[in-house]
Every structure is written in structure tokens, then in C-alpha cells.
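> pasted the sequence and its predicted model underneath.
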Amino acid sequence: MIDLLHHLPLFLAQAGEHGAPAAHAAAEHGADGAAGVGGLLRVNGTLPAWSAYLPLLPLLGCVLCTLCAIFRVKTRLPAILTVALLAVSFVIAFLTYQHTTATPGAQAALVHLWDWINFTGTVKTSSWSAAQTLVGNFSFYIDPLSCLWMLFVTGLATLIALYAGEYMGHDLGAGYCRFFMAFNLFVFSMACLVMGDNLLLLFLGWEGVGLCSYLLIGYFYQKPAAVAAGKKAFIINRIGDLGFSMGIMLTFVQFGTVEYAKLFPMIEAYLVHAQHGQLDQIPFLVQLIPVLFTIGAFGKSAQFPLYVWLPDAMEGPTPVSALIHAATMVTAGVYLVARFFPIYLCSEWALPIVAWGGAITALLAATIGMAQFDIKRIMAYSTVSQLGYMFCGLGVLGAAGGVGHVFTHAFFKALLFLACGAVMHGFAGQLDLRKLSGLNKMRGWGVVTWTMLVGCINLAGVPYITAGFYSKDTIMGDAFANPHTQAIGWILLITAGLTAYYTFRVFFRVFVGPKHYEPGDEAHAPHDDHGHDPAGGPALRAGPGHSEPHAPGPESRSTHGAHDFHPHPPGWAINLVLGVLAVCAFAAIPLVLNLDLLSDKIAWVGGMVRHSTAGVNPPHHDHAHFLGFEDVHGAMKIVSGIVALLGIGIAFVLHYAGRTTAATSRADALLPRLGPIPRLAQHKWYVDEIYDFLIVTPLWWMSHIFHLIDKLLVDGVVNLAGFMPRVAGSLVRKQQTGVLHDYAVSMAAGITLVILVVILYTTGAIGGPLAATLGGAH
Amino acid sequence: MNDALLTLAQAGFPAPMSQATLMHYLVVSALMFGMGLIGFLTRRNLIIMFLCTELMFQAAGIALIAFSRFHLNHTGETFVIFVLTIAAAEAAMALALVVLLFRRKETLDASSWMQMKG
Amino acid sequence: MDGLISPILLYSGCIVGALGVCLALPRRGLSPQIIGALVFALAFGILMVGLGIKAPKAGLPNFNFYLFAIIALGSSLRVISHPRPVYAALYFILTILASAGMYVLLSAEFMAFALVIVYAGAILITYLFVIMLATETPTADQVEALADFDRYSREPAMATVVGFVLVAGMTTLMATGVPGAQPLNTGTTTAADLNELPRRVETSLRSAGLIGIDEHIAGDEAGHQSLDLAPSEGPARVRVTYGQGRTREITADDARWPRDLQLTNIEGIGFSLLRDNPGSIEVAGVILLMAMLGSVVLAQKKVELDEAAKLAAQNRSLASTLTLDNSPLMARTIPGAPNVREADVRVGQNPGGAA
């Protein structure tokens, strides 16, 4: 750190030096560089000022909901306000999008609100000094990428707010206003993150979504599990944010600015090098920036090894989960990589790290998801897994595939979560797929079942009829198209099969089959976490192999429960939102049909990506064949479709065909043959325990040791300093008798003593300098 | 004995005073002061204790007047005015306090106030 | 020191005096107060003899000094040894009067009168009032009884030793003087001060017959000093006018010049107080004001009795009510309503006693 500070002037000098060659190089490589690079990274458009209302409306909603909380509003007013404001935001986002794409050739526009941060300082060394300005305005950088993000963020947030208005009804008055306050703040933070025109504003939004996720995950703050989950999310995000903030600082040190409008043109010079394969000409520290950004993105987007917070985030209310998983928080990391795709291209290691991190996460989360029983938790792991796909897409240079998967995933994941939330809402918190079955046969659950099916086929990637199929397929095709990343492609292909299996495992277990239900133990409180709870031991054993002995137990409870419990089917708001989302999931198909950036018939999402900073031309690589096919993407469609159908089929055989009870299935017979793997997967590969052992326990011991040092050594010294006067005081305390006369006697004796000393001095009985002063004669 | 001092025996003072005469007065003053001190230390009645402080004031006054006479200088007498002032002020305050203390404990015994015991 | 008092006599006098005071103080058991007083007188005699031996004939104070000294010291011994506060206060008045006598001997007449007026007249009366206010209500059977704290003094021996070591030290220091310290010789009460009192000089000269009834000391309109009673050279002189602007000069050479033309004691104090130390009178005023404020604040304060005292007061009031029941006064108050006030006055002294 000190070394870095010491070299700061040097870096600045470097930045200055590199600034000049940048323009030079751009001109030099004008023929092939400027067309693909310069136009995308330069601000050349204008936007009307009203587009600034887009983020400000959620902020207004936040303020209004706070006022509602202050005035103890007990109605659904906060929900109505939120839905209305977010709907207007969505409309503004749509108009902004239209405005942005209306003028041909315009890629990005700046909307300046007000000056926010403006520091000017002088860096001095013995030899030279330079003025350095840190500018971070509250202004927005709007290009197709931010438009795309804001469209689905505001759109989904509106729908989820509408859903939450009904879902959170039981908390009317108590936490209702608080919920919607944080909800609005969440959307505002996400808007700042996506639309900010500089890294500081992005970081503000970045921290804002972290804060809001903490507030919302810990919404049921009386539940210890919710509090712990909130803390976990916050702390793990801090780890990622540390890397990200270091990346921002390094960016400033290297480029002298954090504003996109100035930053991206500077990157061009390096990008030209990168596109010609001359990565060794790019300074090491510039190559380090995207790696640091990746740490932040992995923390925020729940990638290995920082993914552990997201499954625990289920403790929050379900709409929050939907919001976090579908639209806002976790896509922030993907957005960061897509936005800074040019810098990532300049780094030798950043994109491989992204790709491999994504692939490992995808596979790991899918295997864990296969073994879970809590349907919401399965959805959480599927999110982690799908986020892995998105990072893979970006990491294998297929920015459009990654972003497209964000887009499609947003709809079907919101749909899946809200459907799960409806189940949880209706069955008093019951989420265990062994205790629910045959929902399609119950009155009022039709919409939920059908929309759930739509979500499931999207997540599983059923060929040709689902949007999720096309976006996922693009990612896998991009991976196989590059000979260096074919291993990643295989991992993703296997994961696709696993995804199809665990998705339909949920569907076949819960939504079809024999009719059966047991209510949850408490209304709306998520009931899960078998893995951690010691009391959940029997349930664990009941899962894989010993289901028969335990079957009577749940049955008896179920008959008992069935007498006094009646599931209440979702109301119109929930059904409406689910229906709209299902329609959206299908409507997204044509938008992601073709995501090949070089193609002429590129679909809408791909076009949006192509005209943003993520659309810069990646360096050319050799084209690989897949299983002998020349057209990798075309072959991929068939292969991945087969894999998905295979997964669904296995799920059908194991979990639907011949199943007579809710708790058992054919899979139970199969599990013991697989050895310890199901058990390990059910315990999430013991990742939490490993973290506990590697990080938490040493920290705990260290803090205890330091606590002891503080208590014994530091406090001891301080207490000793306090103790000595006490001892001295207790020695002389007996003199303080409290009797007036004793004080008077000592006073008189003191005076007498002074006079005697003076006499002795003046008579020379005891001599010395004082006697000489008083009168040397004596 | 300073001869120059004797020549100053002018206005206000009848004749110069010898140092031996001064010593007589000072011995009486010292004895009276000692008596006041002893009284303050031995007597337990708050009122008598304050009377003893007045006695000490009085001894100081005699010494001041004697010095004033010896030095043929009125400043000593001016100082006695101060002593009277302080004595009057002290009497007013101290006696008010004594009355308060008495009302609280219904006794004038100084030893009954031991709150400052360490 | 040897020139003023013999150390042997001084210290033996101090020891004997300590013995005397110690004997005279009230104590448990035998309390030979008369013997103590005599021993103390002996000590005083030893000291006076010690002083008288070394003093020249002119240095001996006059007879009145010994008289006043004996009265002052004897009565102050009584102040500290008398068990009854009232008597102590009265003896203190005697001390004050004797001190005032000594002031007169020291030609400080004004201070002597001030002392008597302020101390004996004001402060001591306050003391007497307080003694009456702050005396425990005597019960019927112990009207004459004294409180323990009045009857027995506290550690008389130690206090006496401390006190007389201090006396010996002070006396030694007085006799030795501080070596090298020069006596103060800037007398301010010179004849020059009379220059500022022309009317007083005029009256003095007129009564001496030096100037007539129509003559006045001239103003100094001519620019020269018309009154110079302490000239740097030559005799003191005064210029007087008579008739229409005619002046003549009178000098101290004149045989009729009053020999006692000098500042009186009170004039000297006036100059010292108001001209030489003008701030001091302000300070004294502020001190008195503060004392007055303090007394007012203290007098307004409501005092909470502590538990023990409350209990004692209850017991006392109960006892006094019982005695009142038997008294003829109480018997008289019961039938007639108009007499109730009389009883209230009597009973009102005891808190809660009227019930």
C-alpha cells in the first residue's frame, strides 16, 4: 500500500504518457479500430432532461413511504404509491429508450443533474507536480445497455411491487411502509448503478443495493436466521466491494478520471493493442483493474467463492427474493462486466477468470440445487447457477449471450419466485417439496401451476419454444466456438441437463401428482434450512434413504393439520402478475432469437448490446468445430435441446411416474447407489462449513486472543495506573477522619512547622542557599 | 533602633515608640492568638469555635495597630478596618451556617458532622 | 534577640503558659481552672519580666498596658475555658474592651472606637442572638444542664502544645526579626498632608491667635503655594489674606505657632484609606455585600432534618407537650378561645408542639 502511494506520481505520469499515444494509436489503426471501437465509446447523443426522473421517482417513492411510516399509515397506500411511481419510471425508461434509438448513430448520451464530487489536488514530488481532479457528477450515461437494464429493472420492479402489495398484506401497518421504503430505495440504487456516468455514482448504487438487500433480507428482524442472513449478505458483499473499490482507485490512478465519457476514449488505445493480440504492451496495472472489478462482480452476483449469501437471502420476504434474483442486485455484477467489457478485453486474465468462475459456479450450484428439498432454495441455487451462465457468456467473449440471458432470466426467474411465493403464501410457509403435491388439482391454483410450468420450461431450456433456451444456447455456442473455451462449454452443457432435471423435479413433485399438503409451521415465515438445523436431523435422514419409517409421522401431522388448515389460493394481484410475467417470458423469444453480434439479422437484445460499450469487437480467435459441425450455434441448438429434454425425462421418470405419495419417489431408491454424493450435495458440499473452518473460526479465535490481550495487557496497564493511586489513597485515607478539629490541628501544626523552619533557617541552624537569601548575616 | 525612624515622629503620633515597647504588645498579641487557636482546637461548640476565630482576629488587630504605631504609618490601622470587615462578614455568614447546621441536627457539636470521613 | 528577651525566660514562660492553659481548659474529671489561671498569670509574669529586664527605661510601656494586657489575656482565657457559650461571648466583650484600651495606648483612638462599636456593639450581639437561637430546648429536669460538647474540651493537651509551640515560634521570630529586612520608614502621615487641609490649619491658627477673625488662608490664584507646612528648607509658612487682596505670611518661627499643628489619628486614617489605598474600601464593600447576599440566601434555605434529628425532635415535642399538660398555662387556655393565641406563642417554639 505504501509502495503504491509512493509510486502514485509515477502512475500519474504513466497515465499522462499513455493519454497521448491513445489518440495516436486510434488514428493509426483508424481503418479497423475506429469503426468498431471509437463510435461505441464516445458520447455523441443528447437526451431530454426528463429522463433524469427515471431514478428520481423511486427516490421520491422512498421519501413518501418514509413519511407513511412516520404518520403510521395502516392502509395499502405505500404499495399504491410504489406501483404508480415505478410504472411511471418504466414509462420514462421506455421513452428514453425510444429517444436513444431514434437518432441513428447515437450510442450514448449524458444527462447532467448536478455536481456531486469535485476535488482538485496537487500531486507533488521533488521533481514535478501535477494538478489532479476527481470529478464525480450526479449525471447519467445512457446508452442502449443502460436502457435495456432500466427497462427490465423498472418493469419487473413494478410487477413485483404489485405482487408484494398483496403478499405483504399481513404486515399492514407494522412493516409495510418499511418494506416499500427499502423497495424504492433498492430500485433507486439500482438505477444509480446502471445509469451513473462515472464509477463513483456506480459505486454509490452498488453500495446502495447492498444496503437495501441487507434491510430487506433482514426484514423479519425478530427472526435470528433472517438477521444472520442479512449480516451474511452484507459482509460477503463487503469482501467483493473491497476489490471493486480498489479497482475504482486503481482506475483513477491509472487514467486520472472515473467518468465514462473520459475513461472509455482512453481505453481505446489499449483496446487497439488488445484487438491485435498485443496484450504485453498493456501495463500490468491496467490489466489488474478488471480483475479487481471481477472480485466485486462475483460478490454482488453471487459467484463462486462468494455465492454463499444468496441462498441464505431466502430469509427475506419472497418478493424481495424475486427482486434480488431477477432484476436488481445480482445482475449488477453482470452489468459491471458488460459495461466495462472494453477494459476486460484489455486484460489477459480477467475474462478467463470470469468464464471459469462462472462455469464452476454454474455446475456447483446446479448440483446443490438437485439435492435440496426447499423449493425456494432450489430456485436460489438455480439463480446462482444461471448467473454462472451469464458470466460464462461474457467470459467467452459472447457479451450478447450473457446480457441476453440476463434479460430472459429476469422474466422467468421472477415468475418462478413469485409462483413459489404464492405457494408459500397459500400454505402458511410450507416450502418442502416432500410435503406438497398435486397443486394443479386444487381449486384456485391453476394460474400458479401453469405459470410455474412456463417458468420451468424456460429455466430448463425446452427447445424452440422458450426464451431461456435461446439465450442459454447462445452462451454455450459461444463457448464451443472458441477452441480455448470448449471445456467450459462441456461444463455448461452438463449443467444444462442438471438444470432441467432439478427444475422439473420441483414441478413434478409439487404441482402435479397425488393431491396432498401439510401447512407450514408459521404464516409467511420461510421454513427451511434443514442443513443447519440440528433438529432437522430426522428430516435429513428421511430424505434420501429412510423415507419409509418416517412416512407415518408426516402423514399423521398432515391429517391433523388438514382439519384446521385450508390453503388460501392467491388473489387477483398475484395471479395477474404471474400471468403478465408468463406472457413476457414468451414475448422475450423473438427479442433473443439471434444474438450473434456479427450477424445482420440480429435480434433486439443483441442490437442493444452491439450499440453499447459491450459491443466492441473482441479479438479474433480461431473458429472451432463442435462435434464435427461447422455451424456451432446451429448444432448447439439441437444438442442442448436434447440434453434439456433428457433432464426433464429423467425427472419425469424419477419423480412423477408411479409416484403415489408426496414424500416418496423412485429417486429415493436410486440415491443409496450414488454413494456420498447426494449427501454432500444436500449439505451444499459443506462450503459454509469450510468457510467457517477456514475463515470464521480463525477470526473468532484471533479476536478472542486479541480480546484477552486487550483485557489482560492493555486494560491491566491502565487499571494498574488507576490502582496505584487507589492504594496510595487508601494508605492516607485514614487521616481523613471527618472531624473538623483534626483538620484544624493539622493546619495549625503545618503553620507551626513552617514558622519553625523559617526560624531555623534565619538563625542558621539549618543552612543553605535559602538561609543566604533570607539573610546571609546569620 | 533606627534613628532616622525616630525623627519621623511627627503628625498623628505623640512620640516614637521603642522596639522594646513594641515587643510587649506583640507578646500579648501572640499569647492572645495562641489562646484563640487553642480554643478553636479544643472547644466543640460551633459558636465558641467561631468566637475563638474572632479572638485570633483580635490578636492580629493588636499586632497591626502596634506596628502601625511603631512605624508611624496609618496603613496598619487601615488594615485593621479590613480585619473588622472580614470579621463582620464572617460573623454574618458563619453564624447563618451555624443556625442552618443546628436546624439540621439539633446540636452544635462540631464532632457530629463527619461526612468527610475518608 | 538577646537584646529584647532572654530565650530561657521566653521558652520557660511559654511552657508554663501552656501548662496553665491546659489546666484551665474544661475536661473530664478534675478541672482546676483557678489553678490553671494562676499558672497562666505566672507565665505572663515571666514573659513580662523577661521583656522588662532587657528593655531600656524608656522602652517600658506604661502601667496601663499591663492592666489592659492582664484583663485581655485573662478574659480570653475565660473565653476558651468557660463551658457556657453566653459567658464566653460576654468575656469576649471584655477582651474587646481591653484591646480597645490598648489601641488607645497605641494612639489609635479611631480604631478603638470602631472596635468597640463594631465588635462589642454589632458582632457580639449577633453572636448572642445566635446562641439563643441555636440552643437546644431544655427539658424540665435539665434546665441547668450543659451539653457534653460544652462541658468537655477535646484533646486539650495536644492543642495546647500546638498553640504554644506556635506562640514560641512567633515570639522568637518577632524578637529576632527577619535579618536584612529594613524597617519601613516611609511615613505617610507627615505635616505635608496638612497642606491639603487649609480650613483645618486656619482654624488651628485662629484658635492660637495667629490670625484674626477676618483673615483667611489665601487661595493659590497667584500661582504660588500659599500653604507649605513641610518645606524643603526653612520653617513652615502660611500665606493669609486680609481686607481687599492684601496678604501676609506667617511662619513657624512665630512664637504663637501652635506646637500641635499636626494630623490627628482620624485624619491620618482618612488619608491612608481614601487617598493611599482607595481600592481597599471598594474591596471591603464588595466583601460585605457578598456576606449580605450569602446570609440572605442561607436564611431562605429550607432545611431537611435528617432522620435521627427528626426522631429527637419528635421525642422532645412529645415531652414538652406532656409538661405543658400539667402546666397552669395549658389549663388556662382550654376554656377560653381568646387565650389560645397566648398558648400558641409559647408552644410555637416547638415544631409540631401545638397539636
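Now that the structure is in, tell me what you want to look at.

> excluding its backbone neighbours, what's nearest A:V577?
Spatial nearest neighbour of A:V577, chain neighbours left out: A:Y163 (4.3 Å); criterion: C-beta to C-beta, 6 or more residues apart in numbering or on different chains. Yep, even glycine has a C-beta here, placed from its N, CA and C like the rest.

> now do the same contact list for that neighbour.
A:P319, A:A322, A:L418, A:G421, A:A573, A:I574, A:V577, A:L578 (C-beta atoms under 8 Å, 6 or more residues apart in numbering or on different chains).

> can you redo the residues you listed as a markdown table with pLDDT and neighbour count?
Below are the contacts of A:Y163 laid out as a markdown table (pLDDT from 0 to 100; neighbours: other C-beta atoms under 10 Å in any protein chain shown):
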| residue | pLDDT | neighbour count |
| --- | --- | --- |
| A:P319 | 84 | 27 |
| A:A322 | 82 | 31 |
| A:L418 | 88 | 30 |
| A:G421 | 86 | 29 |
| A:A573 | 82 | 18 |
| A:I574 | 85 | 25 |
| A:V577 | 87 | 30 |
| A:L578 | 88 | 26 |
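
> outside of the host helix or strand of A:C62, which residues touch it?
Applying DSSP states H and E as the criterion places A:C62 in helix A:53-70. Helix A:53-70 is contacted by residues A:77-78, A:81-82, A:85-86, A:88-89, A:92-93, A:96, A:140, A:150, A:154, A:157, A:177-178, A:180-181, A:183-185, A:187-188, A:191-192, A:195 when judged by C-beta under 8 Å, 6+ apart.

> narrow the residues you listed to just the buried residues.
A:77-78, A:81-82, A:85-86, A:88-89, A:92-93, A:96, A:140, A:150, A:154, A:157, A:177-178, A:180-181, A:183-185, A:187-188, A:191-192, A:195 (16 or more other C-beta atoms under 10 Å in any protein chain shown).

> which members of those occur in strands, if any?
A:F140 (DSSP state E).

> the buried ones among the contacts of helix A:53-70 in helices, which ones?
Judged by DSSP state H, helices contain the following of the buried ones among the contacts of helix A:53-70: A:77-78, A:81-82, A:85-86, A:88-89, A:92-93, A:96, A:150, A:154, A:157, A:177-178, A:180-181, A:183-185, A:187-188, A:191-192, A:195.

> isn't A:L151 right up against A:L95?
No: in this structure A:L151 lies outside contact range of A:L95 using C-beta atoms under 8 Å: 10.8 Å.

> and the pLDDT for the closest residue to B:F50 other than its chain neighbours?
Spatial nearest neighbour of B:F50, excluding adjacent residues (C-beta to C-beta, 6+ apart): B:A94 at 5.1 Å. We have a pLDDT of 89 for B:A94.

> over to C:G353?
39.

> same thing with A:A27?
The model's pLDDT for A:A27 equals 39.

> quick check: the residue nearest to A:V577 is in a strand.
No: per DSSP: H, G, I helix; E, B strand; the rest coil, A:Y163 lies outside any strand segment and is helix.

> tell me what the helix of greatest length in chain B is packed against?
Assignment by DSSP H gives helix B:75-105 as the longest helix of chain B. Secondary-structure packing of helix B:75-105 (3 or more C-beta pairs under 8 Å, 6 or more residues apart in numbering or on different chains; DSSP states H and E): helix B:46-71, helix C:109-115, helix C:124-133, helix C:265-270, helix C:278-300, helix C:307-326.

> repeat that with 6 Å
helix B:46-71, helix C:124-133, helix C:278-300 (3 or more C-beta pairs under 6 Å, 6 or more residues apart in numbering or on different chains; DSSP states H and E).

> can you list the low-confidence ranges for the chain?
Defaulting to chain A. A:1-40, A:44, A:103-107, A:125-128, A:521-565, A:598, A:764-778 (pLDDT under 70).

> I was after chain C.
In chain C (pLDDT under 70), the answer is C:1-3, C:137-144, C:177-191, C:220-225, C:303-306, C:320-355.

> 50 - rerun?
Residue ranges of chain C with pLDDT under 50: C:1, C:188-189, C:327-355.

> all helices of it, in order?
C:7-24, C:33-54, C:63-81, C:85-105, C:109-115, C:124-133, C:148-151, C:156-176, C:198-207, C:265-270, C:278-300, C:307-326, C:328-333, C:340-347.

> quick one: which of the ones you listed is nearest A:M442?
helix C:307-326 (77.9 Å; C-beta to C-beta).

> tell me how many other residues surround the nearest residue to C:R248 once chain neighbours are set aside.
Of all residues not flanking C:R248 in the chain, C:V240 sits nearest, at 6.1 Å (C-beta to C-beta, 6+ apart). As a burial measure, C:V240 scores 23 neighbours (other C-beta atoms under 10 Å in any protein chain shown).

> what's near enough to touch C:V240?
Contacts for C:V240 were tallied using C-beta atoms under 6 Å, 6 or more residues apart in numbering or on different chains; they are C:I211, C:E215, C:I217.

> which of those sits closest to C:V16?
C:I217 (59.6 Å).

> show me what the closest one is bridged to.
Counting by DSSP bridges, C:I217 is bridged to C:V240.

> what sits against it?
C:P198, C:E202, C:L227, C:V238, C:V240.

> go ahead and flag the most central residue of chain A.
For chain A, the residue sitting closest to the mean C-alpha position, by C-alpha atoms, centre = their mean, is A:K300 at 2.9 Å.

> chain neighbours aside, what residue packs nearest to it?
Nearest to A:K300 is A:G333, by C-beta to C-beta, 6+ apart, at 4.3 Å.

> three-state assignment of that neighbour?
A:G333 - assigned by three-state DSSP - is helix.

> from memory it sits against A:S301, does it?
Yes: A:G333 sits in contact with A:S301 when judged by C-beta atoms under 6 Å, with a separation of 2.9 Å.

> burial check on the closest residue to C:M290 other than its chain neighbours, number of neighbours?
The spatial neighbour of C:M290 that comes closest, neighbours along the chain excluded (C-beta to C-beta, 6+ apart), is B:A89 at 7.2 Å. Close neighbours of B:A89, defined as other C-beta under 10 Å, add up to 19.

> give the contact list for B:A89.
Contacts of B:A89 by C-beta under 6 Å, 6+ apart are C:I287, C:L288, C:A291.

> distance of it from C:V286?
10 Å (C-beta to C-beta, to the nearest Å).

> any idea how far chain B is from A:L56?
67 Å (C-beta to the nearest C-beta, to the nearest Å).

> correction: the previous question concerned A:I677.
76 Å.

> without its sequence neighbours, what residue ends up closest to C:A112?
C:Y103 (3.7 Å).

> with A:G398 instead?
Closest residue to A:G398 apart from its sequence neighbours, by C-beta to C-beta, 6+ apart: A:D478 at 3.0 Å.

> contacts only, for the residue nearest to A:K300.
If you count contacts by C-beta under 6 Å, 6+ apart, then A:G333 has A:A297, A:K300, A:S301 around it.

> I figured the second one hits A:T331, correct?
No: between A:K300 and A:T331 there is no contact under C-beta under 6 Å: 8.9 Å.
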